[in-house]
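Visitor: from the sequence below, what's the structure:
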Amino acid sequence: MTDLSDKNWSLMSDRAVAERIGHFVQDKRLGQNKTQSELAKLAGISRSTLSLLERGEAVTLSTLIQVLRQLGSFPVFTEFIVQQTISPIALAKMETQKRKHASHTNDPKPKPDW
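Guide: Residues are numbered from 1 along each chain as shown. Below is the predicted model of the structure:
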């Protein structure tokens, strides 16, 4: 296996990606000095499911989310944030549609507030 800082995820097999995720989870768990049983209980999953995750076996996305939540590792998901961008053409169109002046009223008498 290559260095964990390697960012060529697209070149890795699905199995290799799952193993990296499992290694990440195990490293975080051990860094927090938690046993598999403790973390599994906190996440509401079985210890054997956590063991599968740490070995890179197939688990549900829900399981991964529950485990990462308990490890306080949600910053991992910052890559999934979708930033809304406006194309230059759409921005220019919006600028042309902006009001430039106040409209003049034809009513010479102001209406009372009461």
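Visitor: with adjacent residues omitted, what lies nearest to the residue nearest to the spatial centre of the chain?
Guide: The centre of the chain sits closest to F77, judged by CA atoms, centre = their mean, with a distance of 3.0 Å. Of all residues beyond its chain neighbours, the one nearest F77 is L68 (7.8 Å), with distances taken as CB to CB, 6 or more residues apart in numbering. For every residue, glycine as well, the C-beta is placed using N, CA and C.
Visitor: what's downstream of the helix or strand that neighbour falls within, the next helix or strand?
Guide: Assignment of secondary structure by DSSP states H and E places L68 within helix 61-71. Per DSSP H and E, the first helix or strand lying C-terminal to helix 61-71 is helix 88-97.
Visitor: just the mean pLDDT for that next one, thanks.
Guide: Helix 88-97 carries an average pLDDT of 80.
Visitor: quick one: list the elements packing against it.
Guide: Under the contact criterion of 3 or more CB pairs under 8 Å, 6 or more residues apart in numbering; DSSP states H and E, helix 88-97 touches no helix or strand at all.
Visitor: other residues contacting it?
Guide: Applying CB atoms under 8 Å, 6 or more residues apart in numbering, the contact partners of helix 88-97 are I86.
Visitor: report the buried residues of that helix.
Guide: Going by neighbour count (16 or more other CB atoms under 10 Å), nothing in helix 88-97 comes out as buried.
Visitor: quick one: buried residues of the longest helix along the chain?
Guide: What stands out as the longest helix in the chain, according to DSSP state H, is helix 14-31. For helix 14-31, the neighbour count (16+ other CB under 10 Å) marks A18, E19, R20, I21, G22, F24, V25, Q26, K28, R29 as buried.
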